[in-house]
Structure formats: C-alpha cells, structure tokens
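Engineer: Show me the folded form of this:
(chains A and B)
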2 protein chains.
Amino acid sequence: MSFPLPLPMRRALDLAAVAAESGEVPVGAVITLDGEIIAEARNAMRGNLDPTAHAEMVAIRHAATRLGRSRLDGCELWVTLEPCAMCAGAIALARIGAVRFAAEDPKGGGVVHGARVFSQSTCHHRPDVLGGIGEDEASVQLREFFAARRAPKSHTVNFTDDC
Amino acid sequence: MSFPLPLPMRRALDLAAVAAESGEVPVGAVITLDGEIIAEARNAMRGNLDPTAHAEMVAIRHAATRLGRSRLDGCELWVTLEPCAMCAGAIALARIGAVRFAAEDPKGGGVVHGARVFSQSTCHHRPDVLGGIGEDEASVQLREFFAARRAPKSHTVNFTDDC
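Structural biologist: So this is what the prediction gives:
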C-alpha cells in the first residue's frame, strides 16, 4: 500500500523535473505557511550564473519578499534533496519551523551528513526535520540526470561537466 | 610596530561601518581577482528583507554576475567576520580560492567553529583560509554595535532586537 505524497513535495518533485530539463541538477523546493504554498523554486545555478541559487535559497528569498519580513517563522520547507551546509545555514537563519526532504545526500548533505548544521552549538534555531518523503522519485530523478551526464558526449548534448 | 591592512580588508571594514550605520550587524566583504576588487557588499538582511543577505553571499552573487560565470576560481574573499555555515558553504560551492577574515565568531562561525564546513568530507572545495587580519578593528565594530543594542531603548532608537 502506498500513500499519496503531500502536495508540497509533489510540487517540489515537479519543479526538480523542470530543473533537469534545463540542465540543472534536479532539485526543487517549496515553502508553505499554514498549508499554503507561498514560494517555490528549482535549482538555477547555471542558468542564473549564481553559485548560491540552490532551490532552497531561491525559495527562501522569494518567501521573505512575499511575507515582507526577513524571518520565516512558522513556515515549512519541502525540498527533494537533503539541504547542503549553505542551505541548512540559510534555513536556520530564516527561522524556518520545519524541513521535509526526500532523498538523503551522503556526498553533499549538511543536515544528516557532513556539517550537520542543525546539530552544532553555533546553530541558534533548529527546525523540525523529517526525511524520506518522496525519496524514491527524487532518487530516480537524480540518478537519471547524472547517468545522462556520464554517458558519451554524443548522447548528452544538453549537459556539460559544469553544474 | 604595526603593519597597514591589505586594501581589500580596509575596504571590507569600511563597508562594515556602513552596515552598522544602517542598523545591520557590521560585516563587510570584498572579492578580489588578480589583486583587483571585483565585488563588494555589506550585511543587508534587514534592509533587503532577506535572511540570506550576508555580506559574503551578496558579494559572491555580484562577482559571479560580473565575471559571467557561476564559479569564482582564482578569487579571494575578504570579510570582517568568520563566515557562518551558510556563507562557508557558498564559498565552497563557488570554488573561491582563498578566504581572509578578520574576527573569529565563536557563537556563529562555520569555518574554525561549529560546522567547520571546509573540514567535512562533504565539502568538495577547500579554500586557503587565514584569519585575524584586521581583527582588532572588526571586534571593536561588533562590540560597539551590540553594546548599543543592549543599551536602554531610549538610547537605541535606531536598533531593534531583530537583526
């Protein structure tokens, strides 16, 4: 028996697919407040020429603009991949109340791997964290994206080694 | 005998002073390439309603735009306070070659304190790091800023508890 995905994660996975179509590592993020989506984004580092344009960062900035405040108390962030150290730091600084992510990222994650930002004494806000929501679909998206990048160049005209 | 500060750190300290005048925690950052300043910024979280608008983040985004690429190979980042986990993560993602900071930040730093982002196996680029350049002046700026915030409200009309 399988349960339907929560709508914000369904939307984040769809955004991740859009990222992949644009040659970006497929990660999507959605921010909700009181159950309503108030901001959404997908990876845009290459397209925006911005190394900080991870989906979570762009969504946080959009949410702050929409709410007219620099802190996102009470908000939930839904993202298809475990946030890296940069994004985890931003989540804490923004005082986001909860993080829901799909796939873990043993190679680059900063929540349950690596820097474990929320577990440090220098972290002054610890959101509630839950992973594994939509993990199967997110993992397939990422695996297929990187498999295509590793394929012979004649089959990967849309991708380069620079993500 | 005292040595003059390197010009990029002198400029970063001046930018930090501008931040303080605007009610922002006094932190300034400058990015150089081949000895030339190509981007600069100061904290703007409150003014921009953007929790990610630390001086380093804004400078990185400006530098990437100026260079027309999402990686800042060969660049040096000069900043008046030890970068937090978010900024350290961004520095690694941007492939910045060297970080020069002034004051350490035992309560919020992410380079030589807390998450120690560059020391994690999940960090795929480790810049050369040197701290303590201009530390005395940066520490005074920060101490005076927070002392003014802690003073009775009648004497701190420009500051609130929200930075």
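Engineer: Going by C-alpha atoms from here, please, whenever you check contacts or count neighbours.
Structural biologist: Noted.
Engineer: What is the end-to-end distance of stretch A:79-98?
Structural biologist: Taking C-alpha to C-alpha, to the nearest Å, stretch A:79-98 runs 11 Å from one end to the other.
Engineer: For residue B:15, see how far away residue A:93 is.
Structural biologist: 22 Å.
Engineer: Which one of the residues in chain A is closest to chain B?
Structural biologist: residue A:86 (3.7 Å; C-alpha to the nearest C-alpha).
Engineer: I figured that residue hits residue B:87, correct?
Structural biologist: Yes: between residue A:86 and residue B:87 a contact is recorded at 6.3 Å, counting by C-alpha atoms under 8 Å.
Engineer: how would you label the residue of chain A closest to chain B: helix, strand or coil?
Structural biologist: Counting by DSSP: H, G, I helix; E, B strand; the rest coil, the backbone at residue A:86 sits in helix.
Engineer: Can you give me the pLDDT of the closest residue to it other than its chain neighbours?
Structural biologist: Distances taken as C-alpha to C-alpha, 6 or more residues apart in numbering or on different chains put residue B:86 closest to residue A:86, at 3.7 Å, once the chain neighbours are dropped. What the model reports as pLDDT for residue B:86 is 98.
Engineer: and residue B:86, what does it touch?
Structural biologist: Residues near residue B:86 by C-alpha atoms under 8 Å, 6 or more residues apart in numbering or on different chains: A:85-90, B:110.
Engineer: Looking at residue A:93 and residue B:15 now, which is surrounded by more residues?
Structural biologist: residue B:15 (24 against 21; other C-alpha atoms under 10 Å in any protein chain shown).
Engineer: List the buried residues of the helix or strand harbouring that one.
Structural biologist: For residue B:15, the host element (DSSP states H and E) is helix B:7-21. Neighbour-count burial for helix B:7-21 flags B:8-20 (criterion: 16 or more other C-alpha atoms under 10 Å in any protein chain shown).
Engineer: Which elements pack onto it?
Structural biologist: Counting contacts by 3 or more C-alpha pairs under 8 Å, 6 or more residues apart in numbering or on different chains; DSSP states H and E, helix B:7-21 packs against strand B:28-33, strand B:36-42, strand B:75-81, helix B:135-150.
Engineer: Out of the ones you listed, which is the most enclosed?
Structural biologist: With neighbours defined as mean count of other C-alpha atoms under 10 Å in any protein chain shown, the helices and strands packed on helix B:7-21 peak in mean count at strand B:75-81, which reaches a mean of 30.
Engineer: Can you pull the residues of chain A lying near chain B?
Structural biologist: Counting by C-alpha under 8 Å from any C-alpha of the partner chain, chain A comes close to chain B at A:45-46, A:48-52, A:57, A:60-61, A:64-65, A:68-71, A:84-90, A:93-94, A:106-110, A:113-117, A:120-123.
Engineer: 6 Å - rerun?
Structural biologist: A:49-52, A:61, A:69-70, A:85-86, A:89-90, A:94, A:107-108, A:114-115, A:117, A:120, A:122 (C-alpha under 6 Å from any C-alpha of the partner chain).
Engineer: Show me those residues that map onto helices.
Structural biologist: A:61, A:85-86, A:89-90 (DSSP state H).
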